[in-house]
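J.: The following comprises the amino acid sequence and a computationally predicted model.
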Amino acid sequence: MIPYLLTRADDPRTRIWFETRPRHLAGGGDPRRITQTLRAAGWKSHSDPDYPHVALTSPDYQHSLLLEPGTASYSAWWRICGQNEQRRWYTEFGGNTPVEILSALTDALLRPTPETTPDVWAALTSAGWTYQHYENGNETASHPDGILSLRRWTVEPAERFYWTAEAVLPNGGGGESRLWSASLDDRMPPHLLAAFAGALASDEPVQRGMYDVPHNHLVTQEQRGPQGEELAAAHEDRLKSALTAARKTRRMPSPQTQPAAAPSRRNTAVHR
């Protein structure tokens, strides 16, 4: 008989859950929200059972995901690679990136490419974020709390652009303390960037155990919201939906990838 082991991989029914907000400061959460969903969609595991990592590849080998916890939660734990019309793209996320935010991107990998892509900046400004566009082409949107931001930047005008999402706090020495960060490739399919930005803009709370957050003083936790049975059922529904979406995608012809349209800057403030 296998002994009962008290681990963080326990069934959600074994814990009391608290509605935690804001979600971007709630910590990483349960990585199985992402890894088991991809496995349900047919992604194959190439993990070494004797090493603390998860390595997955999509059925067509066009995408891969690596979860490799590091010594610091703000370092890159999650890495996702993909291919877009012979161009490789790459993105990485720190360990404290909430899985509810990151899973918006990985879920989008399992669905067909939409015919139209929501504007990234409009999704944020409609949620109350402030937007700035600079003369060198750089763009930044900031959450109302001043902690979370998303920017598209380049070192030199007309050079390759990059996206960075960060949750940072000012420290006592006049600098900043990074809670988590994400680096995204401008060559990613635009609907993946839009899915990630939409999750950043969401104010929906997430479920966490009491004090199971990296910074207790930054969040509010109330004992309400879905508990064990509901969370387990919701996770099973996610896995079934992932399987259905993967089957639907495999039956569809591969669409021609369209170049990303320039983000709309209507109704946005310009900083010079």
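T.: Ah, there it is.
J.: Please name the nearest non-neighbouring residue to residue 202.
T.: residue 23 (6.9 Å; CB to CB, 6 or more residues apart in numbering). Every residue, glycine included, has its C-beta placed from N, CA and C.
J.: Count the residues that sit near the one you found.
T.: 21 (other CB atoms under 10 Å).
J.: Could you report the pLDDT at the residue nearest the centre of the chain?
T.: Nearest to the mean C-alpha position of the chain, counting by CA atoms, centre = their mean, stands residue 102 at 1.6 Å. Confidence at residue 102, expressed as pLDDT, is 98.
J.: that older thread, what's the separation between the residue nearest to residue 202 and residue 154?
T.: 29 Å (CB to CB, to the nearest Å).
J.: least trustworthy helix or strand in the protein by mean pLDDT?
T.: Every helix and strand in the chain was compared by mean pLDDT, DSSP states H and E; the lowest is helix 228-251, with a mean of 88.
J.: Quick one: list the elements packing against it.
T.: If you count contacts as 3 or more CB pairs under 8 Å, 6 or more residues apart in numbering; DSSP states H and E, helix 228-251 packs onto helix 32-40.
J.: What is the helix or strand just after the helix it packs on packed up against?
T.: Downstream of helix 32-40, the next assigned helix or strand under DSSP states H and E is strand 44-45. Applying 3+ CB pairs under 8 Å, 6+ apart, we find strand 44-45 packed against strand 54-57.
J.: how distant is the strand it packs on from the center of its chain?
T.: 17 Å (CA atoms, centre = their mean, to the nearest Å).
J.: helix or strand right after that strand?
T.: strand 63-67.
J.: thinking again about what came up before, wait, doesn't the residue nearest to the centre of the chain sit right on residue 93?
T.: Yes. The criterion here is CB atoms under 8 Å, and residue 102 meets it with residue 93 at 5.6 Å.
J.: what is in contact with these two at once?
T.: Residues touching both residue 102 and residue 93 (CB atoms under 8 Å, 6 or more residues apart in numbering): 78, 182.
J.: neighbours around residue 11, how many?
T.: 10.
J.: Not counting sequence-adjacent ones, nearest residue to it?
T.: Once flanking residues are discounted, residue 11 sits nearest to residue 232: 6.7 Å by CB to CB, 6+ apart.
J.: quick one, what contacts residue 39?
T.: If you count contacts by CB under 8 Å, 6+ apart, then residue 39 has 45, 56 around it.
J.: repeat that for 7 Å
T.: Residue 39 sits next to residue 45 when contact means CB atoms under 7 Å, 6 or more residues apart in numbering.
J.: any idea how far it is from residue 55?
T.: 12 Å.
J.: Need the overlap of contacts for these two.
T.: Applying CB under 7 Å, 6+ apart, one finds that residue 39 and residue 55 are jointly contacted by residue 45.
J.: And the pLDDT at residue 264?
T.: Value listed for residue 264 in the pLDDT field: 46.
J.: where do the helices sit along the stretch 51-200 of the chain?
T.: Ranges of helices in the stretch 51-200 of the chain, per DSSP state H, counting those that start in this stretch, are 99-109, 120-125, 190-201.
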